[in-house]
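Asker: Here is a sequence together with a model predicted from it:
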Amino acid sequence: MNYLKEYLKKIWKVPALFLFFIFIMASVFSLYDMSVEPILYGAILCAVAGLASFLYGYHSYRTRRESLHRIRQTLPLAVENLPSPKDGAEAEYREIILQLNLMRMEAESGKHRFYTELTDYYSMWVHQIKTPISAIRLLLSGDSPDSKAASGELFKIEQYVEMVLGYLRTEDMSGDLKFQQCSLDKIIKEQIHKYARIFIGKKLSLDFRETKETVLTDPKWLGFVIGQILSNALKYTKSGRISIYMSESMPHTLVVRDTGIGIRSEDLPRVFEKGFTGCNGRAESRSTGIGLYLSAKIMKRLGHGISIESTLGEGTEVRLFLGRKSLELY
């Protein structure tokens, strides 16, 4: 019915002109006192021919519209299958579309090449920078307060280097995902060991309850997410504890809870946005607003889920749903 309305709106001038011409002829015949029967017969014959033309035109219009709709559903792959033009104007429009599509493909190809080169460069840079970082760590192996402080700052540099590489690789994770059945406890313990120095330095207690859970995931990327969550918890917790356990009310859900400064209620809906730091981030000069954005992006690609609940001044609870969802490999 929508196609019929569109077609009538397109051709309404034709039947309007036909009726107008019939009116003119009838008026002329009436002025000369001539019989109007010839006009009536002619109008009927023209109406029959016009109806046939209308039905044929509507069928052609509907066929073309349905064809265009199918092409729109499969864009940009089906641009070459555009219907043959009916006139010069349609031919020009078709050529414009094809040229724009060609320009789009060239732009995407150039963008992909640039991104590949950029990723390759930063991947090489990350691997190269690890060598001087390791050398500096060996030089700072002493127990003096200055060595410990410098080691802490060096650890932050390592985190930022890993984040750079993670940020680049999350743009196209499909070729870097390796799913397997993994021990969740092993992944968590690796991240706890990684941040053990900060736990000790800030004198924070850790309440880790073994999950005894096996998860179908990519251990490297899930470890990256858990590391980011722990990093945030340590950054914004001045005293108290950080707890890691499986939720009793929600199946396959890992909970990381801290007793930190918490997040304002108005900031919670935006914590996973790229670059958003909120009130806490503005107070914390090292905050980049990238960690949670990457975490949400990675969890989505892994087919998992992530959510945050927080109370200002009491702490934050991050929930990682590790069950299976549909994957997005791109």
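Answerer: In hand now; what should we look at?
Asker: and the spatially closest residue to residue 259 that is not a sequence neighbour, what is it in contact with?
Answerer: Once flanking residues are discounted, residue 259 sits nearest to residue 240: 3.1 Å by C-beta to C-beta, 6 or more residues apart in numbering. For glycine as for every other residue, the C-beta is placed from the backbone atoms N, C-alpha and C. By C-beta atoms under 8 Å, 6 or more residues apart in numbering, the contact set of residue 240 is 204, 205, 258, 259, 260, 315.
Asker: quick one: the last one and residue 301, what's the gap?
Answerer: To residue 301, residue 315 is 28 Å away according to C-beta to C-beta, to the nearest Å.
Asker: Compare those two and say which is more crowded by neighbours.
Answerer: residue 315 (22 against 19; other C-beta atoms under 10 Å).
Asker: and that one, what is it in contact with?
Answerer: 237, 240, 257, 258, 259, 260, 262.
Asker: And the pLDDT for residue 81?
Answerer: Residue 81 carries a pLDDT value of 69.
Asker: Quick one, which of the contacts of residue 315 are buried?
Answerer: 237, 257, 258, 259, 260, 262 (16 or more other C-beta atoms under 10 Å).
Asker: if we can go back for a sec, the contacts of residue 315 in strands, which ones?
Answerer: When DSSP state E is applied, the contacts of residue 315 are split such that 257, 258 fall in strands.
Asker: now the residue nearest to residue 259: how far from residue 201?
Answerer: Applying C-beta to C-beta to residue 240 and residue 201 gives a distance of 15 Å.
Asker: Please enumerate the helices of the stretch 51-200 of the chain.
Answerer: 88-139, 145-169, 184-194, 196-202 (DSSP state H, counting those that start in this stretch).
Asker: quick one, which of these is packed in tightest?
Answerer: Of all the helices of the stretch 51-200 of the chain, helix 184-194 has the most neighbours on average by mean count of other C-beta atoms under 10 Å, namely a mean of 17.
Asker: With distance to residue 310 and pLDDT added, can I get the contacts of residue 315 in a markdown table?
Answerer: Listed next are those as a markdown table, based on distance: C-beta to C-beta, whole Å; pLDDT from 0 to 100:
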| residue | distance to residue 310 | pLDDT |
| --- | --- | --- |
| 237 | 12 | 90 |
| 240 | 14 | 91 |
| 257 | 10 | 95 |
| 258 | 9 | 94 |
| 259 | 11 | 93 |
| 260 | 9 | 91 |
| 262 | 5 | 90 |
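Asker: Out of the contacts of residue 315, flag the one nearest to residue 219.
Answerer: residue 257 (22.7 Å; C-beta to C-beta).
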